[in-house]
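What would the 3D arrangement of this be:
(2 chains)
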Protein chains: 2
Amino acid sequence: MKSKRRDLGIIMSDKPASAAAVFTKNVVVAEPIKVCREHIKSGIIRAIVVNSGNANACTGQQGYLGAQAMVAAMSKEFDIPREQILVASTGVIGRDFPTEKVVAGIRDNATKLTKRRVAGSLLASSILTTDTFPKEGFVDFALDGTKINMGAVAKGSGMIHPNMGTMLAFIMCDAAIKPALLDKALKEVVNDTFNMITVDGDTSTNDMVCILSNGEAGNKEIDEENDAYHLFRDKLRVLCQHLAKLIVSDGEGASKLIEYQVNGMKTKDDARQIIRTVSDSSLVKTAMFGRDPNWGRIVAAAGRAGINYDPEKTDLYISSTFEMKLLEDGQPLRVNLADLKKLMRSTELTIRLDFKEGSENAIGWGCDLSYEYIRINAEYTT
Amino acid sequence: MKSKRRDLGIIMSDKPASAAAVFTKNVVVAEPIKVCREHIKSGIIRAIVVNSGNANACTGQQGYLGAQAMVAAMSKEFDIPREQILVASTGVIGRDFPTEKVVAGIRDNATKLTKRRVAGSLLASSILTTDTFPKEGFVDFALDGTKINMGAVAKGSGMIHPNMGTMLAFIMCDAAIKPALLDKALKEVVNDTFNMITVDGDTSTNDMVCILSNGEAGNKEIDEENDAYHLFRDKLRVLCQHLAKLIVSDGEGASKLIEYQVNGMKTKDDARQIIRTVSDSSLVKTAMFGRDPNWGRIVAAAGRAGINYDPEKTDLYISSTFEMKLLEDGQPLRVNLADLKKLMRSTELTIRLDFKEGSENAIGWGCDLSYEYIRINAEYTT
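Predicted coordinates:
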């Protein structure tokens, strides 16, 4: 089905790198995730190998052996310890894993690794499934006068939801930082970025976000939560938010990127929960696709989020190039319907709910639900 | 938009009836629900009035006055106390409520009430929105030699989800039963039936299931949890399950009715939670629409339900006219793909997951997700 496309990617650090990763919270986890959970424990990783086309999930013993074979091939070709290798897979669930083909691919590609600029783009292409474009990002910044480079690739288009939808993101950095602090920074940032996007509410068996940071920049190692740590974490957030928004923009069949802002909740978790519910509502998403100013669906979805609040205090705004207030203290405002319809035609929209219940805010991103999503997912394996 | 269709229904009991009702759990509730919550407290109701086309939700003070006007018109036309009247609305959210039109409709229809057989069908038609067919049911049974009649109408097609999706169901019965026992029976039955269906995961601001039972049959009043109570409750369950399945069959754009069976969980709530998650998964639903034997999505959706279990014990079956076992102890079985594709073409499918974690089972119903769902919901108000 996709034999002519790139379907294998290899990431290699010249020296052992500090490493951190977060994985799917699905009870059903793919074989490569099981391998990674073990190998990440040391906090030191040299290489990552990724295949697309087969998720190696629900594949039983055959799949377990396939993931192990990928590790063994990487270890042999590059002469690095098995436990410094991570493995990732994305694609169809429950099909026999094509071990021989993937191992041959590792062997064939081992001599082709390059540091050239094109490498990131080739890697970004190799991990795609239903994605329509490769996703990359790059930031640089200075730590105590030393230039730090941080680049990343990601994939994800369907099965996307908070708590790691089917998505993979690999971040490579040359800063020196202790593994424990790298882990802390990654987890904090993922909660605000990748865990605040949704395409279709499904959470994959294969999701993973991983960062390697190998110290080649030569900065003084970050070993406490000092200014350097905070700068590192903030730049990581910029990069991850960029990738997260790219993933939603490429949501299966999506025609709109929607930013959801929830203000004035009692807790940040409550605010996030409301965003998750509204951004995942099929009725909200189809209204957005239809450019239908049926804003009652937004308010109704918020109301079923399981969070208690007084609906008589809610304000609702929709904006793109201009902003319209639709609801004030739970009462609908008279608005110009022609203006509202014009607003709904924007490809990027912001929906803001202010509940005036407290001082906590959250932000998240979603897309619309279109005929194309159905086509892609009704015809995926057949 | 729908001026030529029936859009007002009135249910009247010749004498005050025992009454019980369950309402939406959405924080944002429509004005008629607020009225009903007050009026149902006494457990005695004479009449119900329902309008379709406008949900009277997010309508503020104007909508509050509209619901009150409906009660006042009913009270005046039929000379019954205001607190013995229930009001229900279904339709678009956040539009001005057409109070004058609805009140005129009550006045015009007050003289047209009939006990003829056609009444139920007319009522069933009057409460539809995006439904494609009216939904009715009837059972009769004997209590101590007295024949009891129990009939019902329901509507619901989109915004359907456990905990009362946009649906209305009104059950009329002539048994004599104490309000407290009627309430107990209704709540128990709703949990197993209407709360176990999903079309699109959205929960409306207007949902309500209500039963009136006026004692005209002349049976000995049910006043304790005796055999008569249990028979009454079981017949009520049959009727409600029938209506619940009709609603899912008419899910917006649905081409398939899917029964989900979860066996062998530690608790009934866990089993129900897994059904809710799987039946609401867009990826499962699009695979069903595409007749795509991509069963990995079922297993993956179960895994993200938030319930802890050992995926290495899971069995998965799909059946219609015949049954196929696809997964045993978490390991995929070799199956005949042609047979599986044939199975997937059925308009009624059963998906069974056996987790072998405990002895609790649950059952629920869902549908597929099609192009037609998108069309209906992208174009609803425009």
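
Who does A:Ile11 form a beta bridge with?
Beta-bridge pairing of A:Ile11 under DSSP bridges involves A:Ile48.

where's it relative to A:Val50, distance?
8 Å (CB to CB, to the nearest Å). For every residue, glycine as well, the C-beta is placed using N, CA and C.

got it, and A:Thr193?
Taking CB to CB, one finds A:Thr193 at 20 Å from A:Val50.

same deal with A:Pro16?
Noted for A:Pro16: a distance of 19 Å to A:Val50, by CB to CB.

How about A:Ala300?
Distance of A:Ala300 to A:Val50, given as CB to CB: 40 Å.

Compare neighbour counts for those two and give me the winner.
More crowded of A:Ala300 and A:Val50, by other CB atoms under 10 Å in any protein chain shown: A:Ala300, with 32 against 25.

Show me whatever sits in contact with both of A:Ile11 and A:Val50.
Common contacts of A:Ile11 and A:Val50 (CB atoms under 8 Å, 6 or more residues apart in numbering or on different chains): A:Phe170.

Checking A:Asn149 next. Helix, strand or coil?
strand (DSSP: H, G, I helix; E, B strand; the rest coil).

Hmm, I typed the wrong one, I wanted A:Arg276.
At A:Arg276 the chain is in helix, as set by three-state DSSP.

Quick check: it touching A:Gly364?
Yes: A:Arg276 lies in contact with A:Gly364 (CB atoms under 8 Å); the separation is 7.1 Å.

measure A:Cys58 to A:Ser52 for me?
Remark: distance between A:Cys58 and A:Ser52 (CB to CB) = 17 Å.

mind listing the strands in chain A by residue range?
Here chain A has its strands, by DSSP state E, at A:8-23, A:44-54, A:85-92, A:135-143, A:146-156, A:167-173, A:197-198, A:208-213, A:257-265, A:315-319, A:323-328, A:331-332, A:348-354, A:360-367.

what about these, which gets the closest to B:Asn336?
Set against B:Asn336 and scored by CB to CB, the strands of chain A come closest in strand A:85-92, at 18.4 Å.

tell me the contacts of the residue nearest to A:Pro179 when sequence neighbours are not counted?
Distance criterion CB to CB, 6 or more residues apart in numbering or on different chains; nearest residue to A:Pro179, sequence neighbours excluded, is A:Gly43 at 2.8 Å. By CB under 8 Å, 6+ apart, the residues touching A:Gly43 are A:Ser18, A:Ala19, A:Ala20, A:Pro179, A:Ala180, A:Leu182, A:Asp183.

In contact with the closest residue to the last one other than its chain neighbours: list those residues for me.
Meaning A:Asp183. When the adjacent residues along the chain are set aside, A:Asp183 lies closest to A:Ala20, with 3.8 Å between them (CB to CB, 6+ apart). A:Ala20 is in contact with A:Ile40, A:Gly43, A:Pro179, A:Leu182, A:Asp183, A:Ala185, A:Leu186, A:Lys187, A:Cys210, A:Ile211, counting by CB under 8 Å, 6+ apart.

The third one contacts A:Ile40, doesn't it?
Spelled out, that is A:Pro179. No: using CB under 8 Å, A:Pro179 is not in contact with A:Ile40; the gap is 9.1 Å.

Of those two, which one has the most company?
The residue with more neighbours, out of A:Pro179 and A:Ile40, is A:Ile40; 21 against 18, by other CB under 10 Å.

Show me the domain layout of chain A.
A:8-247, A:257-378 (automatic domain parsing).

Can you get me a residue count around A:Lys101?
15.

Pull up the gap between it and A:Met70, please.
11 Å.

Kindly report the same for A:Pro134.
22 Å.

re the thing from before, neighbour count winner among A:Cys58 and A:Ser52?
A:Cys58 (29 against 23).

so who does the residue lying closest to that one once chain neighbours are set aside touch?
Excluding the flanking residues, the one nearest A:Cys58 by CB to CB, 6+ apart is A:Gly94, at 4.2 Å. Going by CB under 8 Å, 6+ apart, A:Gly94 touches A:Ala57, A:Cys58, A:Thr59, B:Asn294, B:Trp295, B:Gly296, B:Val299, B:Leu327, B:Pro332.

same check, this time on A:Leu369
A:Asp200, A:Gly253, A:Ser282, A:Lys285, A:Thr286, A:Met288, A:Phe289, B:Ser282, B:Ile374.
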